[in-house]
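**Student:** sequence first, predicted coordinates after that:
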Amino acid sequence: MGDDGREIPDQAPRDDESLVRRAKLDALRAAGEEPYKLNFDVSHPVSALTAEFGSLGAGEDVTDVVSLAGRLVAKRDQGRAIFLVLRDGTGDVQIFCRLNVLGEEAFSRIGELDLGDWVGATGTVLRTRRGELSVVPTEVTLLSKSLRPLPEKYHGLADTETRYRQRYIDLIANPEVRDVFLTRFRIVASIRRFLESRGFLEVETPMLHPIPGGATARPFVTHHNALDMELYLRIAPELYLKRLLVGGFERVFEINRSFRNEGISVRHNPEFTMLEVYQAFTDMRGMIELTEALIKNAATEVLGTTTITYQGEVVDLGRNWRRATMIELTSEAADQDVSFARSLDELRGLCAKHEVPVEASWGKGKLITELFEKLVERTLIEPTFVTEYPLETSPLARKITGREELTDRFELIITGREFANAFSELVDPVDQRERFAAQMAAKAGGDVEAMGYDEDYLRAMEYGMPPAGGMGLGIDRLVMLLTDSASIRDVLLFPALRPEA
RNA sequence: GGGCCGUUAGCUCAGCUGGUAGAGCAGGGGACUCUUAAUCCCAAGGUCAUAGGUUCGAUCCCUAUACGGCCCA
């Protein structure tokens, strides 16, 4: 019975194989053996075994005793010999079980093991005549009984729904999936090392925000009972990180989970991982240098190369990355001047011509940005820093002196997709107050993505924020790029799905 | 939100023009002391996603729903 008194249905598996496994479990317990051991002493992970005994020739053996443990992933019964394959976090190894070494009783218990069981083995090392490095055990121990059958050994698990819902099976059955996630973790570790080597501090800032800010996106809303107030899951950590600049932390970064209450697609998950970096006394150009070095470093450290293939397209990350302004790129693609020199009506006409849907409230900056995204973005395959973004769509970026409708900002485009966004930070509190007011006007006009008016952030700025550059990088997208993954779900361990049917 | 596709044994997949379903792997029984997608023999395993409809008869045709995938917004 559950807490509320309702019956909880017994969801234990009922298929024949699971029933057989359950019966084995019960039989073990009845015979006094614990099928879920407390622990096991491992002397050699598989990789260490290979390293230490890899030079053994075919047919050679040694008397060194080793202990290792892993999941049973193959079992080949030869009558008076049984070959097991154990898989641990570092690789696979064969266990060559022989009746004459183990004795009748121990040998028959090995016969009862099922694929998927966690097993420990202790014995000597041998390379078989066929050349397979193996352990010949004197003792084989069931460490944890598996009650459900694994997917098929050869084809693995193919059903996408099961792969995403039950990632643990995907990780067991599909080694290439495991490799993608290993690569992900290495990329994140590489980024941390890179930033720490440059004197950045990794910090943690709130995920529950009283005012959604730092980006333009719909937030998730939640409620704090004790405070009886609405809170928003952060859409970006930007405004808190910049408060730290005010506080005197001059180089900070956060590898953060952020949340946006928007659709799910091959490139969007409601929660996603971003890197945000802030560095005092530099500007957008400093962020260009940092971003380029950080990504090149990650590719080199994790992949060993800066030449990558993404979905059939070869991309060279190794060269100096192109820089071009939004207006020059868009003008080139539209084959005419697309700039603030054009009238609002002319820009609207261009949008109509290129089938870009527009809203009446949009100014020139938003129209130019939309034209850029429609005409240019997907054509930029090689890494390109697109600079000089309109003020209208950049409420936290510093204006370019003397060209007040533009900000000193870039977005990094690779394979036609946005990877990073950075700017010379707006540190002028008077200007920032005006920008927030414009956001409030947009919100009042029905823009659900507009930023909130963050008075405390303004107060912080009024104490003085040092000149700074800041950058945000989509970690999931970077991992997709470096692992040649078509969908963000393939780089998220547990992607968002509807509840099971 | 719209369009297209998918859902068959634990897993991977077949299934013809509508006549109540097959294989391989896994599992069960048996043989085998150097196998490695082991091999060989035997037997078993299905609410064809769910709910309706058409039909003498539906895994198959139609409708709706659920979940998933892809494309578009």
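**Tutor:** The structure has been received and is ready for your questions. Not measured: the values here are computed from a predicted model. Numbers count the residues shown, from 1 in each chain, chains lettered A, B, ... in the order given.
**Student:** averaged pLDDT, stretch A:128-135. What do you get?
**Tutor:** Averaged over stretch A:128-135, pLDDT sits at 96.
**Student:** start and end of it, how far apart?
**Tutor:** Taking C-alpha to C-alpha, to the nearest Å, the first and last residues of stretch A:128-135 lie 10 Å apart.
**Student:** list the buried ones in that stretch?
**Tutor:** A:128, A:133-135 (16 or more other C-beta atoms under 10 Å). Just so you know, the C-beta spots here come from the backbone N, C-alpha and C atoms, and that holds for glycine as well.
**Student:** how about JSON lines for those, with secondary structure and distance to residue A:340 added?
**Tutor:** Converted to JSON lines, the buried residues of stretch A:128-135 look like this (DSSP: H, G, I helix; E, B strand; the rest coil; distance: C-beta to C-beta, whole Å):
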{"residue": "A:128", "secondary structure": "coil", "distance to residue A:340": "75"}
{"residue": "A:133", "secondary structure": "strand", "distance to residue A:340": "69"}
{"residue": "A:134", "secondary structure": "strand", "distance to residue A:340": "73"}
{"residue": "A:135", "secondary structure": "strand", "distance to residue A:340": "73"}
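**Student:** quickly check those residues for the two that are furthest apart.
**Tutor:** Largest separation among these by C-beta to C-beta: A:128 and A:135, giving 11.0 Å.
**Student:** joint contacts of these two?
**Tutor:** A:94, A:96 (C-beta atoms under 8 Å, 6 or more residues apart in numbering).
**Student:** picking that back up, now the buried residues of stretch A:128-135 in CSV, with distance to RNA strand B?
**Tutor:** Conversion of these to CSV gives the following (distance: C-beta to the nearest atom of the strand, whole Å):
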residue, distance to RNA strand B
A:128, 3
A:133, 9
A:134, 6
A:135, 11
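**Student:** please parse chain A into its domains.
**Tutor:** Domain assignment for chain A by automatic domain parsing gives A:17-144, A:173-321+A:382-491.
**Student:** can you give me the helices for the stretch 151-300 of chain A?
**Tutor:** A:160-165, A:167-173, A:175-197, A:238-247, A:284-303 (DSSP state H, counting those that start in this stretch).
**Student:** do you know which of those lies nearest residue A:444?
**Tutor:** Between residue A:444 and the helices of the stretch 151-300 of chain A, the shortest gap by C-beta to C-beta is with helix A:238-247, which sits at 20.7 Å.
**Student:** mean confidence for that closest one?
**Tutor:** 98.
**Student:** what's the most buried one of the helices of the stretch 151-300 of chain A?
**Tutor:** Here the criterion is mean neighbour count by mean count of other C-beta atoms under 10 Å, and of the helices of the stretch 151-300 of chain A the winner is helix A:238-247, at a mean of 21.
**Student:** coming back round to it: ok, of the buried residues of stretch A:128-135, which one's closest to residue A:103?
**Tutor:** Closest to residue A:103 out of the buried residues of stretch A:128-135 is residue A:135 (17.1 Å), distances taken as C-beta to C-beta.
**Student:** correct me, but the closest one touches residue A:119?
**Tutor:** No: using C-beta atoms under 8 Å, residue A:135 makes no contact with residue A:119, being 11.2 Å away.
**Student:** what do those two both touch?
**Tutor:** Residues within reach of residue A:135 and of residue A:119 at once, by C-beta under 8 Å, 6+ apart, are residue A:95.
**Student:** how about the contacts made by the closest residue to RNA strand B within the stretch 301-450 of chain A?
**Tutor:** Across the stretch 301-450 of chain A, the shortest distance to RNA strand B (C-beta to the nearest atom of the strand) belongs to residue A:357, at 5.6 Å. Residue A:357 makes contacts with residue A:351, as judged by C-beta under 8 Å, 6+ apart.
**Student:** what about it, which SS state?
**Tutor:** When classified by DSSP: H, G, I helix; E, B strand; the rest coil, residue A:357 comes out as coil.
**Student:** can you check the one 5 residues further on too?
**Tutor:** Secondary structure assignment for residue A:362 (three-state DSSP): coil.
**Student:** give me the neighbour count for it.
**Tutor:** Counted by other C-beta atoms under 10 Å, the residues lying close to residue A:362 total 19.
**Student:** same question, residue A:342
**Tutor:** Neighbour tally, residue A:342, other C-beta under 10 Å: 18.
**Student:** quick one: contacts for it?
**Tutor:** Residue A:342 sits in contact with A:350, A:364, where contact means C-beta under 8 Å, 6+ apart.
**Student:** adding distance to residue A:369, write the domains of chain A out as CSV.
**Tutor:** Formatted as CSV, the domains of chain A follow (distance: least, C-beta to C-beta, whole Å):
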stretch, distance to residue A:369
domain A:17-144, 46
domain A:173-321+A:382-491, 5
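**Student:** out of those domains, deepest packed?
**Tutor:** domain A:173-321+A:382-491 (a mean of 18).
**Student:** return the distance of it from the chain's centre.
**Tutor:** Distance, stretch centre to chain centre, for domain A:173-321+A:382-491: 14 Å (C-alpha atoms, centre = their mean, to the nearest Å).
**Student:** how about stretch A:51-71?
**Tutor:** 36 Å.
**Student:** run through who's touching it.
**Tutor:** A:40-46, A:49, A:86-88, A:92-93, A:116-131, A:133, A:135-136, A:138, A:143, A:172.
**Student:** which of those residues fall within strands?
**Tutor:** A:86-88, A:92-93, A:118-127, A:133, A:135-136, A:138, A:143 (DSSP state E).
**Student:** RNA strand B contacts on the stretch 201-350 of chain A?
**Tutor:** When proximity is defined as C-beta under 7 Å from any atom of the strand, the stretch 201-350 of chain A approaches RNA strand B at A:263, A:265-266.
**Student:** nearest to residue A:36 among these?
**Tutor:** Nearest member of these to residue A:36, counting by C-beta to C-beta, is residue A:266, at 39.9 Å.
**Student:** ok, the closest one - contacts?
**Tutor:** By C-beta under 8 Å, 6+ apart, residue A:266 lies in contact with A:486-489.
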